[in-house]
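A.B. asks: Return atomic coordinates for the entry below.
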Amino acid sequence: MRGGKDNFGVVVGMEIELFSVSRLYGGGLYFPADATGDVLHAYTEWTRSLPEHMASSVLLAQNPDLPAVPAPLRGRFVTHVRIAFSDAEGGQELIQPLREIGPTLMDTVRDMPYAEVGTIHHEPTDTPYAAYDRNVLLRDIGKDAVDTLLAHTGPDAQPPFITELRHFDGAYTRPPEIPNCVGGRDAVFSLFTGATAAPGSREARDRFLADIRPWSTGGTNINFAGIEDTDPAVVRTAYRPGDYTRLTELKAVYDPGNVFRINFNIPPKGAPA
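C.D. replies: Numbering: from 1, shown residues only. You can find the predicted model right below:
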């Protein structure tokens, strides 16, 4: 059932074994709007030869003009490269090609204690807001895909949604020692979008996702899915076909009445659609 989410019951206790990572080299490189194209093209090339200890993503977003936003970023479209390198040394040399792209609005990448890992994404947590999340998983992408991404999500498009391109690949692609049903291991990138309730936001997002689908694996990541993607036909794309079938069989054993269904539902095998 590992990876089947909340379809089989309620978790009342967990025991977690930690990895020994006391420090990491991480933070954010915040580039101005006019560098977005250079950053995206350089970033996708940079990810092709990284060690598995390097995790990274790029967020494209228009920052609000609010006091809570750091002054250099306030009211500006920002291309935010997020870095987390969990090795003992060598992080500074690895990200030097990104620093050489051009001047940044802010550079917070540094050696840090692991307790400060939450500062890397630097996202607000104090005020809830309505969000409509969607994602697709991508194969390796090149210039054409990046140009498509720029056309819909770059500063010239003034997108009414945020976009994150997150690098997967690496150790995630290998089957785990203890088998599970976590899908998407064939993806090189995850493409996440967060729309709002504003008129036109979700429509613009969906036009973008339709245009980027030629580079999609056909899969989705259930952790980044939103309330619009609870249809079982969408949920099943988060799993390999054999794993999904096995989950429906397990559901028929442990929850034949589909009591646990107010979620990204996996119906029991033999249940009506």
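
A.B. asks: can you count the residues close to residue 31?
C.D. replies: 25 (other C-beta atoms under 10 Å). C-beta coordinates here come from the backbone N, C-alpha and C atoms, glycine included.

A.B. asks: no wait, residue 161
C.D. replies: Look at residue 161: counted by other C-beta under 10 Å, it has 25 neighbours.

A.B. asks: ok, now residue 201?
C.D. replies: 17.

A.B. asks: In this structure it contacts residue 158, no?
C.D. replies: No - using C-beta atoms under 8 Å, residue 201 makes no contact with residue 158, being 11.6 Å away.

A.B. asks: buried residues in the longest helix belonging to the chain?
C.D. replies: Longest helix of the chain, by residue count under DSSP state H: helix 241-254. Of all the residues in helix 241-254, those buried under the rule 16 or more other C-beta atoms under 10 Å are 243, 244, 246, 247, 248, 250, 251.

A.B. asks: Which residue ranges make up each domain of the protein?
C.D. replies: 23-229, 240-273 (automatic domain parsing).

A.B. asks: deepest of the ones you listed, which one?
C.D. replies: domain 23-229 (a mean of 17; mean count of other C-beta atoms under 10 Å).

A.B. asks: gap between it and the chain center?
C.D. replies: 7 Å (C-alpha atoms, centre = their mean, to the nearest Å).

A.B. asks: Now it: average pLDDT?
C.D. replies: Averaged over domain 23-229, pLDDT sits at 94.

A.B. asks: tell me how far the ends of it are from each other?
C.D. replies: Domain 23-229 has an end-to-end distance of 37 Å (criterion: C-alpha to C-alpha, to the nearest Å).

A.B. asks: for stretch 177-192, same thing?
C.D. replies: Start-to-end, stretch 177-192 (C-alpha to C-alpha) is 28 Å.

A.B. asks: Do a quick rundown of the helices in the stretch 51-200 of the chain.
C.D. replies: 91-99, 143-153 (DSSP state H, counting those that start in this stretch).

A.B. asks: what helices or strands is the shortest one leaning on?
C.D. replies: Based on contacts counted as 3 or more C-beta pairs under 8 Å, 6 or more residues apart in numbering; DSSP states H and E, the elements that helix 91-99 packs against are strand 23-32, helix 36-46, strand 77-85.

A.B. asks: Please provide the alpha-carbon coordinates for the longest one, formatted as PDB.
C.D. replies: Extracted as PDB, the C-alpha positions of helix 36-46 are listed here (Å, rounded to 0.1, in the frame of the first residue of the first chain):
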ATOM      1  CA  THR A  36      14.300  34.500 -17.000                       C
ATOM      2  CA  GLY A  37      15.000  33.100 -20.400                       C
ATOM      3  CA  ASP A  38      18.800  32.800 -19.800                       C
ATOM      4  CA  VAL A  39      18.100  31.200 -16.400                       C
ATOM      5  CA  LEU A  40      15.700  28.500 -17.600                       C
ATOM      6  CA  HIS A  41      17.900  27.500 -20.500                       C
ATOM      7  CA  ALA A  42      21.000  27.400 -18.400                       C
ATOM      8  CA  TYR A  43      19.200  25.600 -15.500                       C
ATOM      9  CA  THR A  44      17.800  22.800 -17.700                       C
ATOM     10  CA  GLU A  45      21.300  22.200 -19.200                       C
ATOM     11  CA  TRP A  46      22.900  22.400 -15.700                       C
END
